[in-house]
Structures are given as C-alpha cells and as structure tokens.
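> next come a sequence and a model predicted from it.
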Amino acid sequence: MTRRRPPTRRRSRRTTRRQQQRDAQLIAFAVVAAAAIGLAVMVVNWLLTHWWVLVVTLVLAVLAGAVRLYNRQQRAQWEAVQAQGLRYGLPQLDALHHARFEDAIRDLMQRDGCRDAQRVGGRGDLGADVKATDPFGRRWVIQCKHRRNGAQGSPVGTPDLQVLNGTARQVHGADVAVIVTNGRVTGPAVAFAKQQRLHVVDRQMLAVWASGSRPLWELLRAVPPPRRAAPLS
C-alpha cells in the first residue's frame with residue numbers, strides 16, 4: 001500500500017495568503033500612524049509659530065470655566081434663599097390634594113436642611129409618606145394625614161398611630177417617627193404616641209412650623225440626640 005503525502009502546497013498557499021493579509025494590515029497601520037504623527041508635527045509647528053492662538057484659547061477656557069462656576073454658585077445661593085423663604089399658611093395646606101400635601105411636607109424638611117428629603121407615599125408605602133435625614137444624621141419617617149376640611153375633618157386616631165409605630169422603626173429604620181396632619185388628633189392617639197415615643201404634629205404645630213423658619217426638631221419635644229455633630233445648613 002502506498003501512503004498519500006500531505007497536501008503541503010495547499011497549506012503553504014493558505015499560509016502565504018494570511019501572511020500577505022497581515023503584511024497589508026501592518027502597512028496600513030504604519031501609513032495611518034505616519035500620517036497621524038505628521039499631522040501632529042504640523043499642528044505643533046503651527047502652534048509654535050502662532051503661539052498667541054494657544055494663549056487665547058487657554059484664556060477663553062479659563063474664563064468659560066469661571067463663568068460656569070459662578071453661575072453654579074449663584075444658582076445654589078438662589079435655591080438656598082428660596083428654600084429658606086419657603087412658607088405655607090394653613091389655608092394653602094387645606095386646599096392641597098393629599099399628594100401635594102406630602103410634597104409640601106417634603107419641601108419643609110428640605111427647607112430645614114434635609115437635603116435628601118423625598119416623598120415616598122403611595123400604594124404599599126407601609127406608613128411612610130416622607131423620608132429624610134436631618135443635618136445631625138437622624139433618620140425621619142413621616143406619615144401625612146391630610147384633611148380637606150381641616151379642623152372640621154375627621155380626627156387622626158390611634159389606628160393611624162399604630163400603623164406608624166409598626167413600620168417606622170422596624171421597616172424604615174426611623175430615628176424619629178412623626179405623624180403630621182392639618183386636622184385634629186384624638187386624645188387617646190396623643191397618649192399612645194407618648195407611650196410609643198412617636199411624635200405628633202397637629203394643626204396648631206403645623207401652622208407654626210409651616211409659616212416660620214424654625215426646623216421641626218426645634219419644635220418637637222424629646223427628639224433623639226444627634227448621631228453626629230453638624231451645623232444647620
């Protein structure tokens with residue numbers, strides 16, 4: 001029996017084609033690199049000859065950065081002034097939709113320096129309508145109870161406080177659990193709140209807080225101590 005020789009010619013042809021492709025790619029890369037280097041040299045030479053263009057460009061870039069920084073600072077200052085000047089009257093709060101009432105409470109917390117204050121109320125909120133962290137590191141969980149008729153509406157009762165008590169600390173990790181209403185709060189609900197270390201902001205306290213400039217933690221009693229020392233913003 002005679003053995004067949006391996007097809008060396010076909011393999012050599014394939015190897016030659018691959019080598020040719022690689023050589024072509026290397027040549028193309030070398031051409032592109034040379035063109036790029038040549039262009040860079042031309043630009044550098046031109047800039048060395050026209051050095052004033054580079055100086056003007058640098059000055060304009062610095063001025064543009066300074067203007068942008070100035071505008072940001074002005075915007076931040078204006079937003080701070082607006083936040084500090086935020087005021088609500090009880091008639092305004094009474095006229096709000098319950099969702100907009102939650103927005104108002106969030107805005108008041110932001111005014112007081114809680115930069116991360118957000119409204120989380122809605123279906124499945126588990127008793128939390130607004131969450132915020134004050135400048136002292138305390139985590140606030142607020143449940144809002146809006147009454148369209150204000151003081152004439154149905155009062156906030158113990159069941160509302162029980163929902164807050166069951167979720168504020170265990171689920172939301174609250175340091176301060178608060179219920180805020182533009183209406184009334186029943187006596188048993190107030191007693192339950194004291195027993196469970198909950199805080200109640202009724203219509204009278206809401207009027208003081210919303211129409212003034214003092215933060216809520218200065219109006220409430222027995223607020224937990226700060227987690228960290230920090231000045232009010």
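Alright, I've got the coordinates.
> chain neighbours aside, what residue packs nearest to R169?
Excluding its sequence neighbours, the residue lying closest to R169 (Cβ to Cβ, 6 or more residues apart in numbering) is A177, at 6.5 Å. Every C-beta, even on glycine, is put in place using the N, C-alpha and C of the backbone.
> return the strand or helix carrying that neighbour as PDB; C-alpha atoms alone will do.
For A177, the element it lies in under DSSP states H and E is strand 176-181. This file holds the C-alpha atoms of strand 176-181, laid out as PDB (Å, rounded to 0.1, in the frame of the first residue of the first chain):
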ATOM      1  CA  VAL A 176     -37.800  59.900  64.600                       C
ATOM      2  CA  ALA A 177     -41.300  58.800  63.700                       C
ATOM      3  CA  VAL A 178     -43.800  61.600  63.100                       C
ATOM      4  CA  ILE A 179     -47.400  61.900  62.000                       C
ATOM      5  CA  VAL A 180     -48.400  65.200  60.500                       C
ATOM      6  CA  THR A 181     -51.900  66.400  59.900                       C
END
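> so after it, what's the next helix or strand?
helix 187-195.
> in that following helix, what counts as buried?
By neighbour count on 16 or more other Cβ atoms under 10 Å, the buried set for helix 187-195 is 189-190, 192-193.
> what packs against the helix or strand following that helix?
Using DSSP H and E, the helix or strand that follows helix 187-195 in sequence is strand 199-201. Here strand 199-201 touches strand 176-181, helix 187-195, going by 3 or more Cβ pairs under 8 Å, 6 or more residues apart in numbering; DSSP states H and E.
> could you rerun that using 10 Å?
With contacts defined as 3 or more Cβ pairs under 10 Å, 6 or more residues apart in numbering; DSSP states H and E, strand 199-201 has these neighbours: strand 139-145, helix 158-167, strand 176-181, helix 187-195, helix 203-211, helix 216-219.
> list the buried residues in the fifth one.
When neighbours are counted by 16+ other Cβ under 10 Å, the buried residues of helix 203-211 are found to be 203, 205-207, 209-210.
> quick one: mean pLDDT over that helix.
Mean pLDDT, helix 203-211: 95.
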